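Enquirer: Quick one, what's the 3D model for this:
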Amino acid sequence: MSTARSTTPWLAELRALLGPGGYLDQPDELEPFLGDWRHLYRGSTPMVALPATTAEVAGVVRVCAEHRVPIVPHGGNTSYCGGATPRESGVELVLGLRRLNRIRELDVDNYSVTAEAGCVLARLQAASEEAGRYFPMSLGSEGSCTIGGNLSTNAGGTAVLRYGMMRDLVLGLEVVLPDGRVLDQLRSLRKDNTGYDLKQLFIGAEGSLGVITAACLKLFPRPAAYATAIAGLRSVADAVTLLGRLRDAVGDAVVTFELIPAGAMELVARHVEAVQLPFEAAPPCSVLMELALPAPDSDLATRLEALLEQALLSGLLTDAVIADSLARRDNLWKLRESIPEAQTREGASLKHDISLPTSALPGFMTDAAPLVDSIIPGARLIAYGHLGDGNLHFNVSPPVGMEATAFLERGPALKRAVHDLVASRGGSFSAEHGIGRLKVGELERYENPVALSLMRQLKQSLDPLGIMNPGKVLA
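Expert: Predicted coordinates for the structure are as follows:
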């Protein structure tokens, strides 16, 4: 770090504002904040500010606004799209929120919890559980991702079918605006029609409109009865049919409905020893399903078993296994959660986070498989994930024996073809991973021009200096 940069006036002001322990500026301290989780980007910064209160966040933002210093909010650094990584210029301040980690209030009777942006998701889940309540957001990264990041990317996860995306779980927000003012709307009301719903502007905005510092979130009754199973099927179309029958039979008790194709199951078998596969041979596709109710119900598993037996007799399923113990339930979840790890161990992959109406997924998959093969002959399609809400992680592994460099060179062509196909079916190229830096060009290409114009007007209105996470979401 250069002496000139370290003595820049705004840096001195921030050191004075935050005090000892309130910032990092040594190369070894900065290192963890310079790269993203997927190693797509590596930037530079002269300082990581670590405010401990909303007032300190507001002070940092005011200093940066005065000196026109760009700000990159940083949570658990689990973004798939580089949304929390500074750019290479070295002039951006990283605003770390890990010290804003308090649970301010947990209101059991109101089924709500108020937590700060740096609170780790798993900690919020545990606190809710201890109070006899349930916070349903569940992600593979829940041990390190933070509430602020979940809100800023409008996180999804495995329970969206029942509980919705992160924006559906929000009652109120506290946000530091780009000029340092604090928007305090931490109300825990279910009904509040006092003008525009301003909180929704900041959910999914990835810190480009302001810094979320706290949120009031919905809690739910803690599930007391579970029924978990995995079913083998011949096609995605059959999986969609099964989902419809399941929802018709038990309604909102269906929490999870996850697609696991044969290729994903085979990768887990190859690379993750701790997982026991449920079938002797992987069916063309499988679905992991889970039902839950807030009251003990000894009939829940019986009802699921009867429905699956009927589906087997009708030929809709090829096989099914019900988890008759906690250990077997945990094993089925381990199978699902190990897919990203197994694909990483297998080597290079090209990832797409797409969504369509659930009814459109069978036709999409029918056309998408030959499309992938036409661009990368012999490529292995691993399309898995949240079938229940229409979101698939449409990932592609190279043909056996193909060098990673040659494979990755086909990435742009594959991305364009897949995203064009998704768009033609009324879908989205970004279901739950956000835009960040990675997908700015895709937003420019696919978003409705009027919507894109409104986004730019909002950005200009709230952040006229353009200091909030520049280069992310909007070009």
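Enquirer: Contacts only, for the spatially most central residue of the chain.
Expert: Residue closest to the average C-alpha location in the chain (Cα atoms, centre = their mean): Ala155, at 3.7 Å. Residues near Ala155 by Cβ atoms under 8 Å, 6 or more residues apart in numbering: 137, 139, 145, 149, 165-166, 432. Glycine gets a C-beta too; all of them are placed from N, C-alpha and C.
Enquirer: Look at it and give its secondary structure.
Expert: What DSSP: H, G, I helix; E, B strand; the rest coil gives for Ala155 is coil.
Enquirer: One more: Leu259?
Expert: Classification of Leu259 using three-state DSSP returns strand.
Enquirer: coming back round to it: inside helices: which ones of the contacts of Ala155?
Expert: Gly149 (DSSP state H).
Enquirer: ok, and the most crowded of the contacts of Ala155?
Expert: Neighbour counts for the contacts of Ala155, by other Cβ atoms under 10 Å, peak at Gly149, which reaches 30 neighbours.
Enquirer: tell me the contacts of that residue?
Expert: Gly149 sits next to 75-76, 78-79, 84, 117, 155 when contact means Cβ under 8 Å, 6+ apart.
Enquirer: can you check Gln310 too?
Expert: So Gln310 contacts nothing (Cβ under 8 Å, 6+ apart).
Enquirer: What of the one 4 residues further on?
Expert: Listed by Cβ under 8 Å, 6+ apart, the contact set of Ser314 is empty.
Enquirer: Over to Ala127?
Expert: For Ala127, the contacting residues are 103, 106, 113, by Cβ under 8 Å, 6+ apart.
Enquirer: Tell me which of these fall in helices.
Expert: Among those, none falls in helices (DSSP H).
Enquirer: Can you flag the buried ones in those residues?
Expert: Buried residues within those, counting neighbours by 16 or more other Cβ atoms under 10 Å: 103, 106, 113.
Enquirer: Which of these sits closest to Val250?
Expert: Set against Val250, the nearest of those by Cβ to Cβ is Val113 (27.7 Å).
Enquirer: ok, back up a step: would TSV of the contacts of Ala155 with pLDDT be doable?
Expert: Formatted as TSV, the contacts of Ala155 follow (pLDDT from 0 to 100):
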residue	pLDDT
Met137	95
Leu139	89
Cys145	95
Gly149	96
Met165	96
Met166	97
Glu432	93
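Enquirer: Nearest to Thr213 among the contacts of Ala155?
Expert: Thr213 lies nearest to Gly149 out of the contacts of Ala155, by Cβ to Cβ, at 12.7 Å.
Enquirer: and this structure, what are its domains?
Expert: Recorded structural domains for the chain (assignment: automatic domain parsing) are 3-96, 103-221, 225-340.
Enquirer: out of those domains, nearest to Arg416?
Expert: Across the domains of the chain, Arg416 has its closest neighbour in domain 3-96 (17.2 Å, Cβ to Cβ).
Enquirer: what distance separates that closest one from the centre of its chain?
Expert: 23 Å (Cα atoms, centre = their mean, to the nearest Å).
Enquirer: average model confidence for that domain?
Expert: Domain 3-96 carries an average pLDDT of 92.
Enquirer: Number the residues from 9 up from this point.
Expert: With 9 as the first residue, the last one maps to domain 11-104.
Enquirer: what's the average pLDDT for stretch 293-303?
Expert: For stretch 293-303, mean pLDDT is 95.
Enquirer: who wins for neighbours among the contacts of Gly157?
Expert: Ala92 (31 neighbours).
Enquirer: thinking again about what came up before, now distance to Ser52 and pLDDT too, for the buried ones among the contacts of Ala135, in TSV please.
Expert: As requested, the buried ones among the contacts of Ala135 are exported to TSV (distance: Cβ to Cβ, whole Å; pLDDT from 0 to 100):
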residue	distance to Ser52	pLDDT
Ile111	34	98
Leu114	40	98
Val121	37	98
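Enquirer: from the residues you listed, which ones fall inside strands?
Expert: 111, 114, 121 (DSSP state E).
Enquirer: hang on, isn't the last one packed against Phe228?
Expert: In other words, Val121. No. Contact criterion Cβ atoms under 8 Å: Val121 and Phe228 do not qualify, at 10.9 Å.
Enquirer: Mutual contacts of these two, please.
Expert: Common contacts of Val121 and Phe228 (Cβ under 8 Å, 6+ apart): 141, 143.
Enquirer: re earlier: now distance to Ala314 too, for the buried ones among the contacts of Ala135, in JSON lines please.
Expert: Below are the buried ones among the contacts of Ala135 laid out as JSON lines (distance: Cβ to Cβ, whole Å):
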{"residue": "Ile111", "distance to Ala314": "42"}
{"residue": "Leu114", "distance to Ala314": "39"}
{"residue": "Val121", "distance to Ala314": "37"}
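Enquirer: between those, which is nearest Leu389?
Expert: Val121 (40.0 Å).
Enquirer: in the chain, which helix or strand is least confident?
Expert: helix 11-14 (a mean of 43; mean pLDDT, DSSP states H and E).
Enquirer: going on from it, what's the next piece of helix or strand?
Expert: Per DSSP states H and E, the first helix or strand lying C-terminal to helix 11-14 is helix 17-26.
Enquirer: Could you list the buried residues of that next one?
Expert: Within helix 17-26, the residues scored as buried using 16+ other Cβ under 10 Å are 18-19, 21-23, 25-26.
Enquirer: Among those residues, which one lies nearest to Thr236?
Expert: Distances from Thr236 to these, taken as Cβ to Cβ, are shortest for Leu26 (47.2 Å).
Enquirer: where's the closest one relative to Asp192, distance?
Expert: 22 Å (Cβ to Cβ, to the nearest Å).
Enquirer: And for Pro269?
Expert: From Pro269 over to Asp192 the distance is 47 Å, taken as Cβ to Cβ.
Enquirer: Look at the two and report which has more neighbours.
Expert: The residue with more neighbours, out of Pro269 and Asp192, is Pro269; 23 against 13, by other Cβ under 10 Å.
Enquirer: Now do the contacts for that one.
Expert: Neighbouring residues of Pro269 by Cβ under 8 Å, 6+ apart: 292-294, 389-392.
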